[in-house]
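K.L.:
the sequence isn't on hand, but the structure is:
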């Protein structure tokens, strides 16, 4: 069973395309078992109190103890003055206390706002505190002294007084679970309001649950400020899995788990042979190279996913089989995807258009920025009522069997010699070279520059691969081999770092 689209919104399509637009664009209807994600974790603690919930650098905590510590923290926050619906900063780094902090904030009826205190600059933290109107910041004793002054009331999670007997003050349930700050177009980060309903929809239904069951070991590799970290942390604990929080060695952690959730850049840093235990992999956050998908799909169930923070971690998923076409799959349950033209009219099946997302994945807008919210979140003419759809700025097209192909970003379309070029298409062509495992393409001073990895890859072979598959104006002027593609703190290719390497490079193909 799927949601029904309004006929009036489909009138520009042929009868066949109208039927396919509806069949492809709506995910199945499923009812998540909980309305608040921490209630799912509480149920696991009641069912499996002695199971290990979290491991980090040789330390561990059971579900019973995790729940007790989170309850104690929630009561401490409530008595300190935290009110339901309020935002609480979580400014620290990976640790068991980080997980206690997340659950404690949710249990208090508040929304958590995560930042990695080691790498977030002071101006960034102050903007977040001001935008989210944060009065309370949770950290650890290790990092308290590293926080800027005047951020509000700072509480060290590991210094909350223990109490063997206390009575919880009743608190209301909040709508917003977390506020995730993403890179804004103005240079200032935008705070995306992710609801409990959003999280329960993607984390508590298939395929987002990733088959995690009590005892399944799941790695926590990503920056806690990144929306995919919610998939790692809350997705694991909601199903009774063991969250293995990494230290400095990503591969050492990944080698001990059953499930890895990562960006393609982070996954590419892992040796599959060293991670033979891994049986399920999910990637999102950036384009996945075909060779990387093929490598991991030979030893694990491989999910290629897509979706910006504004549509709750991911809203399309493909279970990829080695050698098959790599797509971003189909809408997850209770969500929709529309491929529309510039006038917001449905594109015929097979035509490239901009992807808009609807249904239960659509978040509650940007905190404190109603004008940007109104620009990116629009009334949904297909579902109608008070439903909203979100403009993802991703380009896509439906295949004839109902899979979504990703065709880059609207902001990755550039003009070269008067021609419009999709940078992702050039990158895909570069990676067709036999000795190139990963690539990326940038526009620099009006010309295309390709970066290929590893450093032993031959630029001439990569250039020929582009010439064989794309028009002449898509061939990069410069192709630079690098050992590895640098990544940002969120695990995506760092384009600024690559551009800084161009100083002194000749404007020719080496």
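P.N.:
Done, it's in. Since we're looking at a predicted model, the values are computed, not measured.

K.L.:
what's the domain layout of the protein?
P.N.:
Each domain of the chain is listed here as a residue range: 7-31+335-408, 417-500, per automatic domain parsing.

K.L.:
quick one: closest of these to residue 220.
P.N.:
Residue 220 lies closest, by C-beta to C-beta, to one member of these: domain 417-500, at 12.3 Å. In short, each C-beta sits where N, CA and C put it, glycine included.

K.L.:
what about that closest one, average pLDDT?
P.N.:
Taken as a whole, domain 417-500 has a mean pLDDT of 91.

K.L.:
what about it, start to end distance?
P.N.:
24 Å (C-alpha to C-alpha, to the nearest Å).

K.L.:
quick one: that domain to chain centroid distance?
P.N.:
24 Å (C-alpha atoms, centre = their mean, to the nearest Å).

K.L.:
with stretch 74-82 instead?
P.N.:
Distance, centroid of stretch 74-82 to centroid of chain: 30 Å (C-alpha atoms, centre = their mean).

K.L.:
export the domains of the chain as JSON lines, with columns for mean neighbour count and distance to residue 109.
P.N.:
Shown next, in JSON lines, are these (neighbours: other C-beta atoms under 10 Å; distance: least, C-beta to C-beta, whole Å):
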{"stretch": "domain 7-31+335-408", "mean neighbour count": "18", "distance to residue 109": "16"}
{"stretch": "domain 417-500", "mean neighbour count": "18", "distance to residue 109": "28"}
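
K.L.:
export those as a markdown table, with columns for distance to residue 283.
P.N.:
Listed next are these as a markdown table, based on distance: least, C-beta to C-beta, whole Å:
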| stretch | distance to residue 283 |
| --- | --- |
| domain 7-31+335-408 | 12 |
| domain 417-500 | 10 |
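
K.L.:
quick one: closest of those to residue 311.
P.N.:
The nearest among the domains of the chain, by C-beta to C-beta, is domain 7-31+335-408 at 4.3 Å.

K.L.:
let me know the average pLDDT across that closest one.
P.N.:
For domain 7-31+335-408, the mean confidence score works out to 96.

K.L.:
tell me the secondary structure for residue 98?
P.N.:
Classification of residue 98 using DSSP: H, G, I helix; E, B strand; the rest coil returns helix.

K.L.:
mind checking how far it is from residue 155?
P.N.:
When distance is defined by C-beta to C-beta, to the nearest Å, residue 98 is 14 Å away from residue 155.

K.L.:
ok, those two, which is more surrounded?
P.N.:
Neighbour comparison, residue 98 and residue 155: the larger count goes to residue 98, with 25 against 22 (by other C-beta atoms under 10 Å).

K.L.:
what's near enough to touch the more buried one?
P.N.:
Contact analysis of residue 98 by C-beta atoms under 8 Å, 6 or more residues apart in numbering lists 90, 92, 224, 245.

K.L.:
out of the residues you listed, who has the most neighbours?
P.N.:
Neighbour-wise, these (other C-beta under 10 Å) top out at residue 92, 27 neighbours.

K.L.:
you'd agree it is up against residue 139?
P.N.:
Yes. When contacts are counted by C-beta atoms under 8 Å, residue 92 is listed as touching residue 139 (4.8 Å).

K.L.:
quick check: neighbours shared by these two?
P.N.:
117, 157.

K.L.:
that older thread, narrow the contacts of residue 98 to those in strands?
P.N.:
Here DSSP state E is the test, and these give 90, 92, 245 as lying in strands.

K.L.:
next one: the first one, what pLDDT does it get?
P.N.:
Residue 90 is assigned a pLDDT of 98 by the prediction.

K.L.:
show me the contacts for it.
P.N.:
Contacts of residue 90 (C-beta under 8 Å, 6+ apart): 98, 101-102, 105, 112-115, 137-139, 224.

K.L.:
make TSV out of the ones in strands among the contacts of residue 98 and add distance to residue 208.
P.N.:
Shown next, in TSV, are the ones in strands among the contacts of residue 98 (distance: C-beta to C-beta, whole Å):
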residue	distance to residue 208
90	23
92	26
245	21
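
K.L.:
where do the strands sit along the stretch 351-500 of the chain?
P.N.:
353-359, 377-379, 388-398, 404-409, 413-416, 419-422, 438-444, 447-453, 478-481 (DSSP state E, counting those that start in this stretch).

K.L.:
neighbouring strands for the longest one, and are they parallel or not?
P.N.:
Within its sheet, and counting by DSSP bridges, strand 388-398 is paired with strand 353-359 (antiparallel), strand 377-379 (antiparallel), strand 404-409 (antiparallel).

K.L.:
let me know which of the domains of the chain is the nearest to residue 286.
P.N.:
Smallest distance to residue 286 across those (C-beta to C-beta): 4.9 Å, for domain 417-500.

K.L.:
quick one: low-confidence ranges for the stretch 201-350 of the chain?
P.N.:
Counting by pLDDT under 70, the stretch 201-350 of the chain contains no low-confidence range.

K.L.:
now do 90
P.N.:
For the stretch 201-350 of the chain, the stretches flagged by pLDDT under 90 are 323.

K.L.:
please, where are all the strands along it?
P.N.:
Under DSSP E, counting those that start in this stretch, the stretch 201-350 of the chain gives strands at 217-220, 242-245, 259-262, 280-283, 301-306, 316-320, 330-331, 335-340.

K.L.:
quick one: stretch 489-505 to chain centroid distance?
P.N.:
Taking mean C-alpha positions (C-alpha atoms, centre = their mean), stretch 489-505 and its chain are 21 Å apart.

K.L.:
contacts for that stretch?
P.N.:
116, 119, 221-223, 225-226, 228, 262-263, 265-266, 285-286, 440, 442, 444, 449, 451, 478, 480, 482, 485-488.

K.L.:
I'd like to know which of the ones in strands among the contacts of residue 98 is nearest to residue 46.
P.N.:
Of those, the one sitting nearest to residue 46 (C-beta to C-beta) turns out to be residue 245, at 23.1 Å.

K.L.:
who does the helix of greatest length in the chain touch, helix- and strand-wise?
P.N.:
If you go by DSSP state H, the chain has its longest helix at helix 63-80. Under the contact definition 3 or more C-beta pairs under 8 Å, 6 or more residues apart in numbering; DSSP states H and E, helix 63-80 sits against helix 37-47, strand 52-56, helix 96-107, strand 136-139, strand 153-156.
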